[in-house]
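>>> here's a sequence, model it:
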Amino acid sequence: MHLLLKDERAADSLPLRFTIASLLILLIMALFFTAISDLKESTDENIAIMEIDKLVSNSEQISVRGEGSIIYMEIDIPENVEVHMGELLNEEKLWPLNPRNYYIRIDERHTI
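Residues are numbered from 1 along each chain as shown. Just a heads-up that it's a prediction; the model follows:
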């Protein structure tokens, strides 16, 4: 027992263990926050697509009903999402005929 109390080899490696554990925790936290950020972007994109689908559906109803039709609707697109309608390259003139002529921009990512 007295020999165990004098053996300090484990104490020498303790700072190295704390350093490795700290680095692993930092790595896991970075991966976690990256995953959360991607999940939020994906959710914002899905919300924007649902709102665009609502707009397309209502515009098709107005087209069927004819001129003078009025439909009131509320569109709620998240703040960091930009929707550009009728702006696909070489298809600008197709916007009234092709309601799917749009793209969504979230930060630097574009979804057509």
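>>> what segments of this structure are helices?
Remark: helices assigned in the chain by DSSP state H are 2-6, 9-65.
>>> what count of nearby residues applies to T111?
12 (other Cβ atoms under 10 Å). C-beta coordinates here come from the backbone N, C-alpha and C atoms, glycine included.
>>> most packed of the helices of the chain?
helix 9-65 (a mean of 12; mean count of other Cβ atoms under 10 Å).
>>> can you name every helix or strand that that one contacts?
Contacts defined by 3 or more Cβ pairs under 8 Å, 6 or more residues apart in numbering; DSSP states H and E place helix 9-65 against strand 81-85, strand 102-106.
>>> related to what we said a few turns ago, for the helices of the chain, which has the smallest mean pLDDT value?
Between these, the one with the least mean pLDDT is helix 2-6; it has a mean of 60.
>>> grab the nearest non-local neighbour of the spatially most central residue of the chain.
By Cα atoms, centre = their mean, the chain has its centre lying nearest to E41, at 1.0 Å. Distances taken as Cβ to Cβ, 6 or more residues apart in numbering place I106 nearest to E41, at 5.3 Å, with adjacent residues excluded.
>>> same deal with I71?
Using Cβ to Cβ, 6+ apart and skipping residues adjacent in sequence, the residue nearest I71 is N58, 5.0 Å away.
>>> my read: the one you found touches Y72, true?
No: the criterion here is Cβ atoms under 8 Å, and N58 misses it with Y72 at 9.3 Å.
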